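**Student:** sequence and computational prediction follow.
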Amino acid sequence: MRIERVADDQFTIFLTFDDLIERGFTRDDLWQDASSVRSLFSDMMYEASIELDFELEGMLLVQVHLMQAQGMHVYVTQKLEDIAWDDEFVEMKVTLDESQELIFSFEDFEEVIQVAASLSALAIEGGQVYYMEGRYYMLLTETDLKDRNKENIIAIMSEYANASIVTSYRLKEYGKEIVQQSAVKQITEAFS
């Protein structure tokens with residue numbers, strides 16, 4: 001679990017799916033078991049408050065963004081309002097959202113070429129490739145994946161790369177775009 005302060009009243013938590021498994025959760029639990037989710041969020045808020053020396057009081061707005069292969073980003077914003085709160089009670093409003101895109105990080109471009117060849121064999125042609133902070137990133141959107149089995153695609157990409165915690169918004173803002181569209185097709189045609 002990685003915790004970062006964003007502002008005086010906001011912090012983020014990133015958990016990989018391995019972190020969730022270590023805590024006894026499956027991905028489906030997040031959607032189906034409300035009491036367990038409440039317990040998970042309470043534990044995370046407690047850990048974050050200790051690590052960041054962040055006093056939790058008032059209302060917490062918690063936005064959870066599930067990423068297909070990476071894990072989940074939790075954005076927590078503290079809203080202090082002129083409301084009398086019980087000292088033992090913190091109200092959380094939780095929003096769950098699931099990303100339909102896959103983002104994988106590669107150490108060198110040769111790995112991008114290899115994964116493009118494997119994806120091309122599955123008749124996948126789309127995707128975008130970015131370069132940022134010494135790594136290459138391949139982004140596949142829901143449109144690129146169409147109705148294909150995402151678990152198979154994740155398995156193939158995991159052979160060559162690591163699931164990335166970088167969001168597509170950050171890649172588009174700070175990364176250098178290497179291939180704008182049809183990345184798998186263009187890379188396969190150029191390097192085969």
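**Tutor:** Cool, the structure landed.
**Student:** would you say E151 is within a strand?
**Tutor:** No: applying DSSP: H, G, I helix; E, B strand; the rest coil, one finds E151 to be helix, outside a strand.
**Student:** give the contact list for the residue positioned nearest the centre of the chain.
**Tutor:** Nearest residue to the geometric centre of the chain (Cα atoms, centre = their mean): M67, 3.9 Å. Taking Cβ atoms under 8 Å, 6 or more residues apart in numbering, we find M67 in contact with 73, 99, 101, 103, 163, 165, 167. Quick note: C-beta positions are derived from backbone N, CA and C, even for glycine.
**Student:** of those - the most surrounded one?
**Tutor:** I103 (26 neighbours; other Cβ atoms under 10 Å).
**Student:** for A121, grab the count of nearby residues.
**Tutor:** A121 has 10 nearby residues by other Cβ under 10 Å.
**Student:** phi, psi for it please.
**Tutor:** In terms of degrees, to the nearest 10, the main-chain angles of A121 are phi -60, psi -20.
**Student:** now do the contacts for it.
**Tutor:** Not one residue lies near A121 by Cβ under 8 Å, 6+ apart.
**Student:** after the helix or strand bottoming out on mean pLDDT in the chain comes which helix or strand?
**Tutor:** Within the chain, no helix or strand scores below strand 91-98, which has a mean of 54 by mean pLDDT, DSSP states H and E. Next helix or strand after strand 91-98 toward the C-terminus (DSSP states H and E): strand 102-106.
**Student:** distance from that following strand to the middle of the chain?
**Tutor:** Relative to its chain's centre, strand 102-106 lies at 11 Å (Cα atoms, centre = their mean, to the nearest Å).
**Student:** same deal with stretch 168-188?
**Tutor:** Relative to its chain's centre, stretch 168-188 lies at 17 Å (Cα atoms, centre = their mean).
**Student:** cool, stretch 9-29 as well?
**Tutor:** The answer for stretch 9-29 is 11 Å, by Cα atoms, centre = their mean.
**Student:** now R170. Nearest residue, chain neighbours left out?
**Tutor:** Spatial nearest neighbour of R170, excluding adjacent residues (Cβ to Cβ, 6 or more residues apart in numbering): M132 at 8.0 Å.
**Student:** now swap in E101 and tell me
**Tutor:** Closest to E101 by Cβ to Cβ, 6+ apart is T141, at 4.8 Å.
**Student:** got phi/psi on that neighbour?
**Tutor:** Dihedral angles (degrees, to the nearest 10) for T141: phi -90, psi 170.
**Student:** you'd agree it is up against K150?
**Tutor:** No: using Cβ atoms under 8 Å, T141 is not in contact with K150, being 11.8 Å away.
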